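> With the sequence up front, the predicted model follows.
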Amino acid sequence: MKLYNLKDHNEQVSFAQAVTQGLGKQQGLFFPHDLPEFSLTEIDEMLNQDFVSRSAKILSAFIGDEIPQQILEERVRAAFAFPAPVSARRLLSRRRRR
């Protein structure tokens, strides 16, 4: 999928180039030319998938064949393979105000 620079529409890059480059000319963000569409059947199927599979499916609609599906799933799994402890910070801060 081609992405274009929101500040300079003449600058067009691939997904891999956008990730590597970060920002475009004039600090412009890259945006896809076309947004992928999913049928209701596809959405229902994705709702029954685990988070990693669903995320990889959605990302692959944007990325196309630039990253093979198996590698994409591995990278999504690795990106979310860290503990996310929940703390009572908000509750503690409420108690301090009293």
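That came through, no problem. Residues are numbered from 1 along each chain as shown.
> all contacts plus neighbour counts: C-alpha atoms, from now on.
Will do.
> Point me to the residue sitting closest to the centre of the chain.
Centre of the chain computed as the mean C-alpha position; nearest residue by Cα atoms, centre = their mean is L59, 6.1 Å away.
> Quick check: buried residues in the helix or strand where that one lies?
Using DSSP states H and E, L59 maps to helix 51-63. By neighbour count on 16 or more other Cα atoms under 10 Å, the buried set for helix 51-63 is 52-57, 59-60, 62-63.
> Same check on stretch 27-46?
Buried positions in stretch 27-46, judged by neighbour count with 16+ other Cα under 10 Å: 28-32, 46.
> Now it: average pLDDT?
Average pLDDT, stretch 27-46: 95.
> roughly how far out does it sit from the chain middle?
10 Å (Cα atoms, centre = their mean, to the nearest Å).
> before we move on, back to that, what is the nearest of the buried residues of stretch 27-46 to A18?
The shortest approach to A18 among the buried residues of stretch 27-46 belongs to F30, at 6.7 Å (Cα to Cα).
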